[in-house]
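Participant: Give me the fold of what follows.
(one chain, ligands or ions: 2)
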Amino acid sequence: MSRIIAVCNQKGGVGKTTTALNLAAYLASFGKTTLLIDIDPQGNSTSGIGVDKHAITNSIYNVLIDRKPIGDAIVQTAVQNLWLAPSNVDLTGFEIEAINNPAKEYMLKSAIEGIRDAYEFIIIDSPPSLGLLTINALTAIESVLIPIQCEYYALEGLSQLLNVITLVRQRLNNELRIEGVLLTMADYRTRLTTEVINEVKRYFDSDEGSLMVGGRNKVYRTVISRSVRLSEAPGFGKPIFIYDKNSIGAKQYFELAKEVLGEAAAGPADISNNNRIKDLQALAQQGVIDTDIRIETETKKIEDENILPL
Ligand SMILES: Nc1ncnc2c1ncn2[C@@H]1O[C@H](COP(=O)(O)OP(=O)(O)O)[C@@H](O)[C@H]1O
Ligand SMILES: [Mg+2]
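Facilitator: Residues are numbered from 1 along each chain as shown. Ligands and ions are numbered 1, 2, ... in the order given. Modelled structure (predicted):
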């Protein structure tokens, strides 16, 4: 039995692709046969894993619209145990071209029916919209992983996304549940990050949030920091553990993959002072913060703030 997870958030730039790609790559590195399906016309997962978007013979578009078997589109990646169903700009036409299909919400589900048991994990990277492509993802999967960027208005649009998930669960896929909520691009040098983490925690612990997702404690303990190495890696077509396995981003996506596998202790998002200090030290190693003196001041500031762990 495979586990099928889609990474969804209708906001762009929140870390969907980075998460889908690196989670899939880590699961593969743990020996799990994994398929990454790119259903974003931007094809960022495709190029980010090192496959040339312009040299694809069959993409997920040909699978969905031309009904090509998905096996004709799947390619092996440079990462052992990781396969990719690629996407490119052709997929832009999907919403219009699928409109008259009476089963238009089930096209991805039908496409993967025959191969789902061939993989232990199928990870889907979704486009930044709540349109028909995302509905196809939500209909085909068991659970959705929601990345939330630590920024102003982090929760804006979240209730819309949760409403769509609830509707899909009622009408199209009653198995659908929330895999977890992942905080991304945390920058512990700013007070904002801590505020957003607390706000997201509060929201999912509140009656409103927990009702929407069908349970509490859905926020991953692992929080992904803002890291230059993570943003550089896709330009080299490599997941972070190949591009720079000692970077903080690599360590954090490794922890996330363990949480998804259920091998890491579940618990509240970790923003304890210790963690923030470790994070600063890692940033210094990467050259993001220049000197030890800066760390000392930042560390002192953190201690002075005396923020209690969640
Ligand atoms: N933790 C991070 N630290 C720094 N940059 C990041 C991080 N996560 C993602 N990015 C960068 O931010 C941009 C948007 O991320 P991406 O994963 O493509 O988001 P989405 O798929 O939601 O649009 C990309 O350029 C990506 O490389
Ligand atoms: Mg993306």
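
Participant: which one is whichever residue of the chain sits closest to ligand 2 nearest to, not counting chain neighbours?
Facilitator: Residue nearest to ligand 2 within the chain: T17 (3.3 Å; CB to the ion). C-beta here means a position set from N, CA and C on the backbone, and glycine is covered the same way. Taking CB to CB, 6 or more residues apart in numbering, and ignoring the residues beside it in sequence, T17 has N44 as its nearest neighbour in space, at 4.4 Å.

Participant: returning to what we had before: pretty sure the residue of the chain closest to ligand 2 contacts T46?
Facilitator: No. Assessed by CB atoms under 8 Å, T17 is found out of contact with T46, at 9.6 Å.

Participant: Residue of the stretch 51-200 of the chain nearest ligand 1, please.
Facilitator: Going by CB to the nearest ligand atom, ligand 1 is nearest to M185 of the stretch 51-200 of the chain, at 4.6 Å.

Participant: residues contacting the closest residue to that residue other than its chain neighbours?
Facilitator: Once flanking residues are discounted, M185 sits nearest to R226: 4.4 Å by CB to CB, 6+ apart. Contact partners of R226, counting by CB atoms under 8 Å, 6 or more residues apart in numbering, are M185, A186, D187.

Participant: Out of these, who's the most crowded?
Facilitator: A186 (26 neighbours; other CB atoms under 10 Å).

Participant: ok, that one - contacts?
Facilitator: C150, T193, I197, V223, I224, S225, R226, D279.

Participant: at 7 Å instead, please
Facilitator: Neighbour list for A186: C150, T193, V223, I224, S225, R226 [criterion: CB atoms under 7 Å, 6 or more residues apart in numbering].

Participant: Okay, and which of these map to helices?
Facilitator: In this view, those that belong to helices under DSSP state H are T193.

Participant: Residue ranges in the stretch 201-310 of the chain under the pLDDT threshold?
Facilitator: Filtered on pLDDT under 70, the stretch 201-310 of the chain yields the residue ranges 207-217, 264-310.

Participant: Most proximal residue of it with respect to ligand 1?
Facilitator: S231 (3.5 Å).

Participant: Secondary structure element holding that residue?
Facilitator: helix 228-232 (DSSP states H and E).

Participant: now I178
Facilitator: strand 177-184.

Participant: does that strand come close to ligand 2?
Facilitator: No. Figure legend: strand 177-184 not in contact with ligand 2 (CB under 5 Å from the ion); closest approach 11.9 Å.

Participant: For that strand, name the packing helices and strands.
Facilitator: strand 143-149, helix 191-205 (3 or more CB pairs under 7 Å, 6 or more residues apart in numbering; DSSP states H and E).

Participant: which bits of the stretch 51-200 of the chain sit near ligand 1?
Facilitator: By CB under 6 Å from any ligand atom, the part of the stretch 51-200 of the chain that sits against ligand 1 consists of P128, T184, M185.

Participant: residue contacts, the second one?
Facilitator: So the one you mean is T184. If you count contacts by CB under 7 Å, 6+ apart, then T184 has V14, G15, T19, P147, I148, Q149, C150, I224 around it.

Participant: three-state assignment of the closest residue to N62 other than its chain neighbours?
Facilitator: Sequence neighbours aside, K68 is the residue nearest to N62 in space, at 4.5 Å (criterion: CB to CB, 6+ apart). Classification of K68 by DSSP: H, G, I helix; E, B strand; the rest coil places it in coil.

Participant: Any idea how many residues pack against K68?
Facilitator: A count of nearby residues for K68, using other CB under 10 Å, gives 17.

Participant: didn't it look like it was pressed against N58?
Facilitator: Yes. Judged on CB atoms under 7 Å, K68 makes contact with N58 at a distance of 5.3 Å.
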